[in-house]
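>>> Need coordinates for the following:
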Amino acid sequence: MRKSLSKSIANNQEENNLDFNKRQFLKTGLTGVAAAGVISAFADNGKNIDKDKPQTAEKKEKCQQDFLPPKEHSPFKYDCYGEHQAGIQTPLQPFSIIAAFSVSVTTKDELQKMFHILSNRIEFLTQGGELHDPNDKLPPSGSGILGQTILPDGLTITVGLGVSLFDERFGLQDKKPKHLQEMKDFPNDKLQSAWCDGDFSLQICAFSPETCQNALRDIIKQLHKFAFVKWSIDGFMPKAPEGQAARNLFGFRDGSGNPDITKEETANQVLWSGVASNSQDEPEWAKNGSYQAIRIIRHFVEFWDRTPLQEQQTIFGREKYSGAPLGMKAEHDEPDYKSDETGAKIPHDAHMKLANPRDPEFMKKHLIYRRPYNYSRGVAKNGQLDVGLIFICFQANLDDGFIFVQNLLNNEPLEEYISPFGGGYFFILPGFSKNGYLGEGLFA
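Next up is the predicted model:
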């Protein structure tokens, strides 16, 4: 094997333990300012606590409180109404569930009713409210895992449609978004049908895992006469310092090259169907929607952890800890590939160079916006960790976006360490108004 075992890192054990503790706190539900406070405290490595001075009981208690996760869910909420659905431009929440559903009804009227119910549940769950159970002889109105008061907790629920929804069942063939298609294998893929595609998808994101779980269970219950879950996977992504991308399970920052979609002009060009210059041929109802590509990618982390640091960095084209392009200092430094024609600094087959060659034509047409999550499913049958990445990206044109970029990445060195096995392509519906519902344009 061309990979060699890296040297011992025992002398860095203290730092590794520190990073592990940060991840554990984030996974228990640290959010917003509270999360930032804990991260800051850990980053100080205890410097704020003078161990040589006696601490009063009050100071000790305050110190302990600084390291505890929040005792309640957050009242913070994202507006669920608008031109676009929440969950795309929304800042990345630390927890998610990605699920795909198969529709069980057979008429267009029933499908329309399903979207009405789904929109109503999204309104309630994302904005918060009280559960009411007037009759204890009937099932409770909610799961109860959040108590009787449902706090928004930064929840967003983003709904996408799969190409299968536009078959002959509902007479929607002429409404199909132009580029929507079934996901096919790329050369390194081992796609499993049980983990691919679906009639519609839900991207559920929030400040805590139980808020995501509550939302999924609520929707499953309310839609049980209309649809059932085909596949579902939980995701998590640690908070990152302001202006930096979060790290994937390979330890590299994921999304450093994202376009700045907080700028309206950039968002219009990269994200929105019927608005971007390369998506003018879409059906009128699809305007202000977006294409979502989901890829569930297994990471062979045991193999990766035995790979020399230098090789890891050349595979990605970035410094592992700073996130800077090789030969540069900061994560968002723009690489100058023209001055590195031989690939001496950043190899030509590095992931970042293949995925975005930084030429003007590419920047106009092929940019995607990544919004990924890590996943962990315990241990596989072979005794190795079953962990990896839920790759999620959005774009106005699926062919020009993800599909084009992924073809550039075929046979890259990173493929030795990954195995994509699931996911799908979905069209994210345009947003809805307070008196409307998701998918309204489909039935107009």
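>>> all strands of this structure, in order?
Along the chain, counting by DSSP state E, strands occupy 95-103, 129-130, 149-150, 156-161, 200-206, 227-236, 290-299, 369-370, 373-379, 385-395, 418-428.
>>> Confidence-wise, which helix or strand of this protein is lowest on average?
One helix or strand of the chain scores below all others by mean pLDDT, DSSP states H and E: helix 32-43, with a mean of 37.
>>> residue ranges of the helices in the stretch 251-400 of the chain, please?
Along the stretch 251-400 of the chain, counting by DSSP state H, counting those that start in this stretch, helices occupy 264-270, 301-305, 309-316, 351-355, 360-365.
>>> Mind putting the ones you listed into a markdown table with mean pLDDT and mean neighbour count?
All C-beta atoms are positioned from the backbone trio N, CA, C, and that covers glycine. Conversion of the helices of the stretch 251-400 of the chain to a markdown table gives the following (pLDDT from 0 to 100; neighbours: other Cβ atoms under 10 Å):
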| stretch | mean pLDDT | mean neighbour count |
| --- | --- | --- |
| helix 264-270 | 97 | 16 |
| helix 301-305 | 98 | 14 |
| helix 309-316 | 98 | 18 |
| helix 351-355 | 97 | 20 |
| helix 360-365 | 90 | 12 |
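>>> can you list these in CSV and add distance to Leu438?
Converted to CSV, the helices of the stretch 251-400 of the chain look like this (distance: least, Cβ to Cβ, whole Å):
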stretch, distance to Leu438
helix 264-270, 20
helix 301-305, 38
helix 309-316, 37
helix 351-355, 32
helix 360-365, 29
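>>> and Phe427, which of the ones you listed is closest to it?
Among the helices of the stretch 251-400 of the chain, helix 264-270 comes nearest to Phe427, with 15.8 Å by Cβ to Cβ.
>>> quick one: low-confidence ranges for the protein?
Applying pLDDT under 70 to the chain flags residues 1-69.
>>> again, only using 80
Applying pLDDT under 80 to the chain picks out residues 1-71.
>>> Quick one: closest of the helices of the stretch 251-400 of the chain to Asn435.
Checking the helices of the stretch 251-400 of the chain against Asn435 by Cβ to Cβ gives helix 264-270 as the closest, at 25.5 Å.
>>> The closest one - contacts with which helices or strands?
Using 3 or more Cβ pairs under 8 Å, 6 or more residues apart in numbering; DSSP states H and E, no helix or strand is in contact with helix 264-270.
>>> Next, the residue positioned nearest the centre of the chain: phi, psi?
Centroid check for the chain by Cα atoms, centre = their mean gives Pro372 as the closest residue, at 3.2 Å. Pro372 has phi and psi values of phi -90, psi 170 when expressed as degrees, to the nearest 10.
>>> Across the sheet, point out what pairs with Ile157.
Ile204 (DSSP bridges).
>>> In this structure it contacts Asn214, no?
No - using Cβ atoms under 8 Å, Ile157 makes no contact with Asn214, being 11.4 Å away.
>>> between these two, what contacts are shared?
Common contact partners of Ile157 and Asn214 (Cβ atoms under 8 Å, 6 or more residues apart in numbering): Leu125.
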